[in-house]
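Chemist: give the three-dimensional model of this entry:
(one chain, ligands or ions: 1)
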Amino acid sequence: MTQVRFHAEGSRASVTPVFDRLDARFGEEGAPVSMVELDEAADRHEVSVYFEDGDEVDADAVHAAFAPLSPAREDLPDIDWMASVLADLKPVRAGRFLVHGAHDRHQVRPHDLAIEIEAGQAFGTGHHETTAGCLEMAGRLIARRRPRRVLDLGTGSAVLAIGVAKLARIAVTATDIDPVAVRVAAANARLNGVHTLVRTSVATGLEGGEIRERAPFDLILANILAGPLMRMAPQMAAVLTPGGDLVLSGILARQRRAVLAAYRGQGIYHRATLWRGDWVTLHLSR
Ligand SMILES: C[S@@+](CC[C@H](N)C(=O)[O-])C[C@H]1O[C@@H](n2cnc3c(N)ncnc32)[C@H](O)[C@@H]1O
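Modeler: Here you go, the predicted model:
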């Protein structure tokens with residue numbers, strides 16, 4: 001469906017009250033309102049409100065909300081936004097893995113471990129530092145020792161589970177708190193030909209999703225966030241084999257020490273850290 005955008009430019013001080021008025025007047029009706037910094041040094045900002053083509057737009061109300069700024073109207077072309085976002089995403093290399101969309105299949109080289117992701121509704125296209133960090137760390141660990149039971153906790157698009165299943169040719173338990181992510185994960189596993197190896201289910205943390213039945217694991221990958229990862233440390237220790245490996249990410253560099261301390265308290269010790277941008281990926285083992 002096409003969209004109509006009303007937009008105006010001004011200083012932060014002039015667009016902020018316009019944003020608040022647009023949000024109060026149209027936000028509840030479901031019209032997205034945005035404020036974007038165009039040039040920080042020059043204090044240029046832009047405020048916009050979007051309507052679907054079929055919406056009854058009250059032009060007087062729009063102009064009143066923008067006043068004293070005068071909005072311009074733009075008719076946006078009918079674009080499949082998700083497809084166009086994915087088309088813009090370049091393939092990502094992480095160790096031996098190449099994460100790519102369907103449009104970049106031709107870029108796969110003979111020795112690449114290719115992971116094709118067409119996810120729109122689940123996190124994990126490989127572009128985030130934490131995903132790439134986990135893939136690289138998992139690749140290094142599996143090159144040294146082939147795991148036997150693997151858990152991908154917070155699987156999102158299943159990018160990590162697919163990578164491990166392809167590399168080690170073993171079953172991977174892939175869980176997520178979000179049922180939509182789990183559906184996307186299952187579809188991606190099928191797309192990559194590893195649906196018989198990647199077992200997806202909904203689970204919150206380490207509860208449910210057949211985690212306890214399949215435990216203990218000798219490799220657990222969890223790219224979540226520092227807070228939940230620290231809270232989960234005791235349960236994580238309970239499902240990790242002695243000598244088992246843990247790859248954790250979603251952790252900002254400044255949170256690294258706190259996460260390591262939480263796991264040290266469970267007898268799980270730091271082995272290596274990968275630094276990518278503001279993020280770290282940790283390898284720990286019991
Ligand atoms: C940052 S994404 C990581 C996705 C993918 N594993 C990757 O590395 O790109 C985190 C995922 O964890 C899930 N998640 C967050 N909290 C969770 C919890 N307590 N238990 C299970 N999954 C959780 C989210 O729904 C999301 O899909």
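Chemist: in space, not sequence, find me the middle residue of the chain.
Modeler: F123 (2.7 Å; CA atoms, centre = their mean).
Chemist: and the longest strand belonging to the chain, what other elements does it pack with?
Modeler: As assigned by DSSP state E, the longest strand anywhere in the chain is strand 240-252. Secondary-structure packing of strand 240-252 (3 or more CB pairs under 8 Å, 6 or more residues apart in numbering; DSSP states H and E): helix 129-144, strand 217-223, helix 226-231, helix 256-264, strand 279-285. Where C-beta positions appear, they are placed from N, C-alpha and C, glycine not excepted.
Chemist: just checking: what are the partner strands of it?
Modeler: Applying DSSP bridges, strand 240-252 is found paired with strand 217-223 (parallel), strand 279-285 (antiparallel).
Chemist: indicate which one of those is closest to A64.
Modeler: Closest to A64 of the strands paired with strand 240-252, according to CB to CB: strand 279-285, at 44.2 Å.
Chemist: quick check: domain ranges of this structure?
Modeler: 3-76, 123-285 (automatic domain parsing).
Chemist: how long is the last one from one end to the other?
Modeler: The reference is to domain 123-285. 26 Å (CA to CA, to the nearest Å).
Chemist: return the distance of it from the chain's centre.
Modeler: What separates the centre of domain 123-285 from the centre of its chain is 13 Å, taken as CA atoms, centre = their mean, to the nearest Å.
Chemist: on that earlier part again, please see if the longest strand of the chain touches the ligand.
Modeler: Yes - Strand 240-252 comes into contact with the ligand (CB under 6 Å from any ligand atom), by way of G250.
Chemist: and that strand, which residues are buried?
Modeler: Neighbour-count burial for strand 240-252, counted by 16 or more other CB atoms under 10 Å, picks out 240-241, 244-251.
Chemist: residues in contact with that strand?
Modeler: Outside strand 240-252, the residues within contact range by CB atoms under 8 Å, 6 or more residues apart in numbering are 130-131, 133-134, 137-138, 141, 147, 149, 154, 216-226, 229, 236, 259, 263, 268, 271, 278-286.
Chemist: so which of the residues you listed reach the ligand?
Modeler: Applying CB under 6 Å from any ligand atom to those, those adjacent to the ligand are 131, 134, 154, 223-224.
Chemist: if we can go back for a sec, so which of the strands paired with strand 240-252 gets nearest G30?
Modeler: strand 217-223 (31.7 Å).
Chemist: okay, the angle between the closest one and helix 129-144?
Modeler: Compare the direction of strand 217-223 with that of helix 129-144 by axes from the mean of the first three to the mean of the last three CA atoms, to 10 degrees and you get 160 degrees.
Chemist: which residues sit against strand 217-223?
Modeler: 124, 130-131, 134, 138, 141-142, 147-154, 156, 160-161, 164, 173, 229, 232, 236, 239-241, 243-250.
Chemist: how about 6 Å then?
Modeler: 130, 134, 147-154, 160, 239-241, 244-250 (CB atoms under 6 Å, 6 or more residues apart in numbering).
Chemist: related to what we said a few turns ago, nearest to D23 among the buried residues of strand 240-252?
Modeler: The closest of these, once distances to D23 are taken by CB to CB, is G250, at 29.8 Å.
Chemist: quick check: next helix or strand after the least confident helix or strand in the chain by mean pLDDT?
Modeler: Counting by mean pLDDT, DSSP states H and E, the chain has its least confident helix or strand at helix 81-88, which shows a mean of 50. Note on helix 81-88: by DSSP states H and E, the next helix or strand toward the C-terminus is strand 92-94.
Chemist: which residues touch N192?
Modeler: 116, 162 are the contacts of N192 under CB under 6 Å, 6+ apart.
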